Structures are given as structure tokens and as C-alpha cells.
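*Asks:* okay, here's the prediction I keep looking at, along with the sequence it came from:
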Amino acid sequence: MKPKNIVLLGATGSIGTSTQKVVADLPDQLRIVGLASRENVAGMQQAVRQFKPLKVAMTNREKARELEAQIGDPVLSGERGLVELATMPEADIVLIAIVGTAGLEPALAAIRAGKDLAVASKEILVMAGELVTSEARKHKVKVLPVDSEHSAIFQCLEGREPRDVKRLILTASGGPFRQTPRKEFKKITVAQALKHPSWNMGQKITIDSATLFNKGLEMIEARWLFDVEIDRVDVVVHPQSIVHSMVEFRDGSILAQLSVPDMRYPIQYALTYPRRLPNLMPATDLARIGTLSFENPDPEKFPSLRLAREAGRVCGTMPAVFNAANEVAVARFVAGQIGFPAIFEIVERVMGRHRAVAPPSLDAILQADLWARKEAERVI
Ligand code: NAD
Ligand code: MG
């Protein structure tokens, strides 16, 4: 196989560094041609040295100048740098691992330039799933999931008829407060919420895993990636995080994908798709793991799942509002300004005040995102 040329946006984060490891592990098949991040100069310098990309960008302008001085090569800056990398002629696939909404514009630009997309940033599909998937169909490019649950579903669906699918079953670890009584939620500290039982991830997604908003975002993400209405997307709690998700077919059979929880598995599959290549990954020893257990999520404790279903039913601009209000609430919680239960209350109140526009244009989505951020600050 001719090496695949990869542009990596969000190169220094948790997914970004795991992607670097995957590429380093398969040097004959994968090549990084573009690297971008926001402000981590040391991380970028190290990655540039190791992968020698053709183009480098940092959205923070001062940091871009700093990196430029260190590596002695030009560094693009601002949001335009991301778009320039996402559309570079040498790129075959653009992996978007930027936390938050800054990945949306480069994602659309990549699709319109005919690039395949590997999507880790769930915000992209939650905010603009309808737009992104229809643009991808129009430009005949693939949207490959990096999120472990969606990679699992993607793998279970391969070669199957969409009409044979009964429902998608997302697994959730349940987070650190699975067994914490609801009445104790107001005492939860930031440090406790940042301790995930099975995955090692960036800060925002770790808090989202504690509130189960992450699973809510993933329900909406799945709805668009696989074109299955939200009422056929279910969640089951699976604390071991070995079964990454499942598909139930209309004959009653369920297919699942399993591995130890390590994001390098779904990252590699998105980058080498449709091939499966040997690597240096840890093996999954089921006998050692011993038990795989499943339980229903508690809807009283975690209203996030109900709110996600509501946003997914209303559609239009509502998922963008759901996402933005949660982002503001999480930032305030991490800053120590609000308690843990307030995250649920803020999202519910902001959604309650939104009049959704459907089907939404990119402008309407971005406006709804801004409105929800302001409204969330107001209701806090
Ligand atoms: P992180 O916080 O560890 O890293 C974020 C990266 O995005 C950094 O490289 C940062 O420089 C970059 N970034 C942030 N804002 C930017 C901007 N405006 N312009 C350019 N770069 C910017 O986050 P993460 O945990 O790696 O998550 C990244 C995305 O992947 C998120 O959307 C998350 O929901 C999703 N995701 C993460 C995991 C995981 O295991 N960490 C799993 C599934 C999905
Ligand atoms: Mg996930």
C-alpha cells in the first residue's frame, strides 16, 4: 500500500499524541504531512522534529512565531492556517482532534477539497451532522469515526444492509460517579470528576464522561454518522470498557467490537481503513479481564441522556445549543465557579429557551452556538 498522507489537527492533545504513536508504529503505511495545534510550542516542536511535515500551523499567533523561531521553518497562524492544512494538495485524509468547535470549518473545507475525514472531535457531528454528512456524500468522501464507540459500530455495520439494523447500542463506562448517590452530587469536586475509571483523555471529555454528557454527544454523533434516528440509539453501562459498542439487527443478533480501552485501536482503523495491519498494541486478554458486565444507566442521576435524546429529536440547531451550553457549564465547573449538578441544570434551562431552526445553515448553527454560550453565562 502506498503511504497514506495525513493532516493532523489538534496534534498535541490526547488523541493527537495517540495518533502520533500510531503513525510512528506504521512508518511504511502512514505519513504525516501537516500538523496543527493551538498553543503547545514544546509539543509541536517535538512532533515536527519527529515527523518532518510539509506544513505546520498554530492558531495562536504569538505561539506560531515562537515555534517558527525554534524550528527555522514558516508556521501558519490563525484559523486560516487550519483550513490551509486541511486542503493541502498532498493530503489524503484529515484527522480532526481539536477540542471544541474550531474543527468545524476546516472539516468542511477538507470535504469540499475532496479529502477523507477522520473525526475525533464530536462537536463537529453534533453541531453540524446533517451538513457534514450531506457535504461528504456530495463530494464522495468518507467520514471515518475515531471515537471508539462509533468505530465499533462502523466495524459491526461493515457489509450489512442498513434496513437490517434494529438499533445501535453505545456502551458507557458510567464514569467515576456510577455508584455515587444523587444526593451526594453537590459535593463532587473537580479533582474527583477528573479521575476516569478506564480511559485516559483530555480534560473536557473526562468531565463529560462523569456527567454522561459525553454519551449524549455520542448519541447525536451516531445518529448522523450512521443515519439512524435517535430513538434507535440506546446506551448501556459497561464499566470494564472492553466492548466498545454494539449493533442489534432485526433478527435479534447483536454484533460487538472488543479491545482493551486504548484510542490507538480506533485511530489506526480510521487511518488504515479498510485494511487491518499488525502493530505493537497491547493484546486483549479476555481470560485475564474475566468479567464483562452491563447495566442500564440511571436517568434520574444523569439527565444528560434525556436531554441528548430531546436535542436529537428536535434536531436543527438544538444539538448545537446542547453542546455549547454544556461547554460553558463544564468550563465554569472546572474553574470552581459552579457545582457538579448545575451542569445539568444549565443545559436544560438553555435548551428550554431555544427555538430551533431546521434544517440549519452553517450560519444558523454558529449563531445558535453563540446564543447558547451567552444564555448559559446569563443563567449561571
Ligand atoms: P485535548 O484537550 O487533549 O487536546 C485538544 C487539542 O486540540 C490540542 O492539540 C489543542 O492544541 C487543540 N486545539 C484546541 N483548540 C484549538 C484551536 N482553536 N485551534 C487549533 N487547535 C486547537 O483533547 P482530546 O481529549 O484529545 O480530544 C480532542 C477531541 O476528540 C474532542 O472533541 C474529544 O471529544 C474527542 N475525543 C477524544 C477522546 C479521547 O480519548 N481523548 C475520545 C473520543 C473523542
Ligand atoms: Mg467515546
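*Replies:* Done, it's in. Numbering: from 1, shown residues only. Ligands and ions are numbered 1, 2, ... in the order given.
*Asks:* next up, phi/psi of the closest residue to residue 204 other than its chain neighbours, please.
*Replies:* Excluding its sequence neighbours, the residue lying closest to residue 204 (C-beta to C-beta, 6 or more residues apart in numbering) is residue 99, at 5.4 Å. Just so you know, the C-beta spots here come from the backbone N, C-alpha and C atoms, and that holds for glycine as well. Torsion angles at residue 99 (phi, psi; degrees, to the nearest 10) stand at phi -80, psi 140.
*Asks:* give me the neighbour count for residue 99.
*Replies:* Using other C-beta atoms under 10 Å, residue 99 has 22 neighbouring residues.
*Asks:* whichever residue of the stretch 251-380 of the chain sits closest to ligand 1 and residue 276, how far apart?
*Replies:* Using C-beta to the nearest ligand atom, the closest approach of the stretch 251-380 of the chain to ligand 1 is made by residue 263 at 4.6 Å. Distance, residue 263 to residue 276, using C-beta to C-beta, to the nearest Å: 17 Å.
*Asks:* list the residues that contact the residue nearest to residue 204.
*Replies:* Residue 99 makes contact with 10, 13, 121, 123, 202, 204-205, according to C-beta atoms under 8 Å, 6 or more residues apart in numbering.
*Asks:* pLDDT at it, what is it?
*Replies:* If you check residue 99, the pLDDT there is 93.
*Asks:* and the gap between it and residue 297?
*Replies:* Taken as C-beta to C-beta, the span from residue 99 to residue 297 is 24 Å.
*Asks:* residue 263 and residue 276 - which one has more neighbours?
*Replies:* Set residue 263 next to residue 276 and count neighbours by other C-beta under 10 Å: residue 263 wins out with 23 against 10.
*Asks:* if I look at the residue nearest to that one when sequence neighbours are not counted, how far off is residue 352?
*Replies:* Distances taken as C-beta to C-beta, 6+ apart place residue 18 nearest to residue 263, at 4.7 Å, with adjacent residues excluded. From residue 18 across to residue 352, the span is 38 Å (C-beta to C-beta).
*Asks:* ok, whatever residue of the stretch 1-150 of the chain ends up closest to ligand 2 - contacts?
*Replies:* Closest contact between the stretch 1-150 of the chain and ligand 2, by C-beta to the ion, is at residue 147 (4.3 Å). By C-beta under 8 Å, 6+ apart, the contact list for residue 147 reads 119-120, 122, 218, 221, 266.
*Asks:* mind checking pLDDT for it?
*Replies:* 98.
*Asks:* which phi and psi does it have?
*Replies:* Phi and psi for residue 147, reported as degrees, to the nearest 10, are phi -50, psi 130.
*Asks:* over to residue 144?
*Replies:* Main-chain torsions, residue 144, degrees, to the nearest 10: phi -100, psi 130.
*Asks:* so that it lines up with my notes, have the first residue be 20 from now on.
*Replies:* Sure, I'll start counting at 20 from here, so that last one is residue 163.
*Asks:* OK, contacts around the closest residue to it other than its chain neighbours?
*Replies:* Nearest non-adjacent residue to residue 163, counting by C-beta to C-beta, 6+ apart: residue 289, 4.2 Å away. Applying C-beta under 8 Å, 6+ apart, we find residue 289 in contact with 112, 114, 137, 163-165, 170.
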